[in-house]
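> What would the 3D arrangement of this be:
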Amino acid sequence: MATSQRTFDLPLGHERIPFYRNVKILRVLSQLVFLALIIIAGYILVNNVRTAIQTSNLRADFGFLVNRAGIPISETPIQYDTSDNYGRAMLVGLVNTLKIALIGVALATLLGITVGVMGLSQNWLLRNIAVSYVEVLRNTPLAVQIVFWFTAVLTPVPPRASAPLVFPGGIYLSNVGIAFPWLFRSYRFAWWVPGLILAVAAGVAMYIYHQRQLTRADQVGNPLPRALGVTVAVAALSYTLTLMGNSTPADSQVDFLAERGRGTAFVDANGNSEFDDDERHLAYLPVTVSVAEGRLSTNVQNITEGRRYVYSSFRFPLLEEHEYTSAEVSFADEGDAARYSLHFTRYPSIGTVYEDRNGNNEFDVGENLDATADGPTGLSDIELLLTVQGFSRRVTTDRVGQLRTPIFESPNAEEAAPANNMRPGSLFSAPAESEEAALEVTTTLHPAGPLVLSRPTLPISGYVGGVRLSTSYLALLLALVVYTASFIAEIVRAGILAVPKGQGEAAKSLGLNDGQTFRLVVFPQAMRVILPPLISEYLNLTKNSSLAPLAGYAEIFSISVIVANQSGASIPAIMIIMVAYLTISLLFAFVLNTVNARMALVER
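Here you go, the predicted model:
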C-alpha cells in the first residue's frame, strides 16, 4: 500500500522567526554572554592579583596555618597553648566571636523588647526613660561606648581580684572580670551520651504522638511542653543510672607540688607516681586538698582600688570559714607586733594594719599608716604571717587536669620567704624555690558523674575554676548589647504600632485583660513586622564585634591581624576573616529567614 507524504506550509504572513529575533533565545544568549563576561573579568582580576602578589613577594597560600603561633590569648573557651599553630589560634578567635555574637544577640533582644514596650507605656516615667535611652545610646558611637565601659566602669570601679565582691552562689566580681560556678563534662560523660540520645528520641516521639492526637481530636494545643518533660525525665533517669557503681579511673593519682600550690590529676600508667607527657590527664575531676598545718606570708602595701587609695592594706589568699579549723594572723617582727594592730575586713584574708593612737583597741579613721601626706617609710617591710590549721579545700581540675591551691609553707620554717619572691602584680609572697616545703599534704580524688560542678576559687590573686569572663569580654558585650538594643527597641515599637487597633479591641471584647491581649494577640502579629529588620540588627551586632581590640578582647579579627603581621600572610588572613563573618551572617540569616517564612501569613 502506497503511502502519501504530505507537507504543511506556513500560512502567508507567518514565517519562521530567526533565532536572532526570537525573544526567548535572545534572553538565554544574553545571560550566557553576561556569565562569560563575569568569568573573563574574574579571570583577569585573579590573574592581576596573582601577578601583583608574585611581584611583591607576598604570601598567598594557607600553609602558614600549621606554623607555631606563639600568641598569648587570655580567654580561651577551647584548649589552647602558645605552642599551638596559627590555625588553632584563629579557631579560638572564631569561638570567642561566636561567644560574643550568640550571647549578645540573646541579651540585646531581651533588652530591646523591654525598652520598646516601655516606649509605648502609659506611664510617663517609663515612657520617657525608654525615649531617653534610645535617643542617647543610638546616637553615641559604638567605639566610644566600648572604651567607656572598659576604661571608666569595669576596670577602675570593681575591687581588685585579691579582694573581690562575693555574691550568693559563689559568684566573684573584681576588676579582672566575673567568675561563677558552671557544669562541665567529666570523664564519665561518654557513658551518658546513649541516654541523651534516647531522651531526645523519646521527646521527638512524644511530640509527634501528641501532635497527631490533637489533629485527630481537632483540638488546639501545644505538644512541646509534654515532649520536653519526657526528654528531661529520660535524661535524668539515664543520668542516675550512670552514677551506679561510680568510681574514679583505675590508677588515678594527683601529682601535687606543695611548694608551688599546683597539681595534676592523671592516670598513672607506668606506676612512677609522677605525671608524664604521655599519660592521660583527668579533666574536671573533684579533688580535695588538705594541709594539716601551713603558713602564708604577705607584705603590707598601699594600693589603689575602686577609684580610691587604700592605705596599709594586707591581702592573703581568700579563705572561707568552712575551709579551715583555725587561723591566726601575726606580725613576723616582734617590734611591729608591739607597735601596730590589725583590723580585718574579711577574716583572715583581708584587712588593714593601723596604729591604735587613742588606745580603744579599734580601728578609727586616720589611724592607718599612711594618713599623713608624706606617708610612712618602710611600709612594705612590715610582714604578716597567716598560720592555718586543718585546711581542706575541694576543687575541680581544669580541662588539662590541673588544680591550684594557696602556696603554703612549713610553719616551722626559720624565716619567711623574702619580699623579692613576690609574684608580679600580686600582694602574696611565695616561698623561695630552693626552700623545702615540709608540709603534711594529702589529696583525695572523688568519683564524678557525667557532669561536674566547678566552683571558682582564689588560690593567689586570680580566679581558678568555674566560668571566668574577663573585663575585656564584659566591656565589649555590654557595649554591643546596650547599643544594639536601642535599635531593636525602635523596631519593636514600630512593629507593635503596625498592628491594627481593632485587634486589641476585639481581644478585650472577648474578656482578655491587657497582658493577655498583648501576649496572645498583639505581639505575635507584631513579630511578623519586627523579624525582618531584626535580622539586620543581629548581623550588625556580629560584625560590630570586630571592634573588640578597643577593649583588648581576642576575637577572630584581632587574632587574624596579629597572625597576618607575624606570618606575612595578609591576604589569606583577610580571606579567613571574610569567610568567618560571612558564614556567621549566613547562618543567622538562614535560621531567622526560616522562622520568618513560617510566621508569614499565607494568602489564599
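> need the helices for the stretch 251-400 of the chain, in chain order.
In the stretch 251-400 of the chain, the helices defined using DSSP state H, counting those that start in this stretch lie at 334-339.
> give me the low-pLDDT residue ranges for it?
The model of the stretch 251-400 of the chain has pLDDT under 70 over residues 370-380.
> same thing but at 50, please
Scanning the stretch 251-400 of the chain for pLDDT under 50 picks out the ranges 371-377.
> what secondary structure does Thr109 sit in?
Classification of Thr109 by DSSP: H, G, I helix; E, B strand; the rest coil places it in helix.
> quick one: it from Ile530, how far?
10 Å (C-beta to C-beta, to the nearest Å). (C-beta placed from N, C-alpha, C; glycine too.)
> And the two? Which one has more around it.
Ile530 (23 against 19; other C-beta atoms under 10 Å).
> Could you pull up the residues touching the closest residue to the more buried one other than its chain neighbours?
In this structure, Ile530 finds its nearest non-sequential neighbour in Gly495, 3.7 Å apart by C-beta to C-beta, 6 or more residues apart in numbering. By C-beta atoms under 8 Å, 6 or more residues apart in numbering, Gly495 lies in contact with 526-530.
> For Leu476, see how far away Gly495 is.
Between Gly495 and Leu476 the distance, using C-beta to C-beta, works out to 28 Å.
> Equivalent analysis for Leu369, please.
In terms of C-beta to C-beta, Leu369 sits 40 Å off from Leu476.
> and Thr542, what pLDDT?
For Thr542, the pLDDT comes out at 91.
> pretty sure it is in contact with Phe588, am I right?
Yes - here Thr542 reaches Phe588: they are 6.7 Å apart, a contact under C-beta atoms under 8 Å.
> tell me, what's touching those two both at once?
Here Thr542 and Phe588 have Val105 as joint contacts, going by C-beta under 8 Å, 6+ apart.
> Who has more neighbours out of those two?
Higher neighbour count among Thr542 and Phe588: Thr542, with 23 against 19, using other C-beta under 10 Å.
> quick one, what contacts Leu476?
Counting by C-beta under 8 Å, 6+ apart, Leu476 touches 100, 146, 149-150, 545, 547-548, 550-551, 553.
> mind running it again at 6 Å?
Residues near Leu476 by C-beta atoms under 6 Å, 6 or more residues apart in numbering: 548, 551, 553.
> Show me the helices in this structure, by range?
23-56, 86-118, 124-138, 142-147, 189-216, 224-242, 334-339, 471-498, 501-509, 514-517, 523-544, 556-567, 570-599 (DSSP state H).
> could you dump the ones you listed to JSON lines with distance to Leu403?
Below are the helices of the chain laid out as JSON lines (distance: least, C-beta to C-beta, whole Å):
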{"stretch": "helix 23-56", "distance to Leu403": "49"}
{"stretch": "helix 86-118", "distance to Leu403": "23"}
{"stretch": "helix 124-138", "distance to Leu403": "43"}
{"stretch": "helix 142-147", "distance to Leu403": "35"}
{"stretch": "helix 189-216", "distance to Leu403": "19"}
{"stretch": "helix 224-242", "distance to Leu403": "24"}
{"stretch": "helix 334-339", "distance to Leu403": "35"}
{"stretch": "helix 471-498", "distance to Leu403": "24"}
{"stretch": "helix 501-509", "distance to Leu403": "58"}
{"stretch": "helix 514-517", "distance to Leu403": "50"}
{"stretch": "helix 523-544", "distance to Leu403": "36"}
{"stretch": "helix 556-567", "distance to Leu403": "29"}
{"stretch": "helix 570-599", "distance to Leu403": "35"}
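> now, of these, which is deepest in the fold?
helix 471-498 (a mean of 22; mean count of other C-beta atoms under 10 Å).
> Report the distance from it to the chain centre.
With C-alpha atoms, centre = their mean, to the nearest Å as the basis, helix 471-498 stands 19 Å off its chain's centre.
> what's the angle from that helix to helix 86-118?
Angle of helix 471-498 versus helix 86-118, following axes from the mean of the first three to the mean of the last three C-alpha atoms, to 10 degrees, is 40 degrees.
> list the contacts for Pro181?
So Pro181 contacts 170, 453, 455, 466 (C-beta under 6 Å, 6+ apart).
> same deal with Ser238?
Gly195.
> again, only using 10 Å
For Ser238, the contacting residues are 191-199, 450, by C-beta atoms under 10 Å, 6 or more residues apart in numbering.
> cool, and Asn361?
The contact partners of Asn361, taken as C-beta under 10 Å, 6+ apart, are Ser341.
> Tyr354 versus that one, what's the distance?
From Asn361 to Tyr354 the distance is 11 Å (C-beta to C-beta).
> Overlap of the contact sets of these two?
In contact with both Asn361 and Tyr354: Ser341, using C-beta under 10 Å, 6+ apart.
> thinking again about what came up before, and the contacts of Ser238, which is closest to Met575?
For the contacts of Ser238, the closest approach to Met575 (C-beta to C-beta) belongs to Val193, at 36.4 Å.
> Which pLDDT value belongs to the closest one?
93.
> That one reaches Tyr239, doesn't it?
No - using C-beta atoms under 10 Å, Val193 makes no contact with Tyr239, being 11.3 Å away.
> Find the residues that touch each one of those two.
With C-beta under 10 Å, 6+ apart as the test, Val193 and Tyr239 both reach Pro450.
> returning to what we had before: any idea which of the contacts of Leu476 is the one closest to Phe344?
Closest to Phe344, out of all of these and judged by C-beta to C-beta, is Ala551, at 35.2 Å.
> CSV please, covering the contacts of Pro181 and showing distance to Thr442 and pLDDT.
Output for these, formatted as CSV (distance: C-beta to C-beta, whole Å; pLDDT from 0 to 100):
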residue, distance to Thr442, pLDDT
Gly170, 24, 88
Leu453, 23, 93
Arg455, 20, 93
Gly466, 24, 91
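> So which of these sit within strands?
The members of those that map onto strands under DSSP state E are Leu453.
> quick one: which of the contacts of Pro181 has the most company?
Tallying neighbours with other C-beta under 10 Å puts Gly466 at the head of these, with 20 neighbours.
> Leaving out the residues flanking it, which one is nearest to it?
Pro456 (3.6 Å).
> Can you tell me how far that neighbour is from Val153?
22 Å.
> So which of the two has more stuff around it?
Between Pro456 and Val153, Pro456 has the larger neighbour count (other C-beta under 10 Å), namely 22 against 14.
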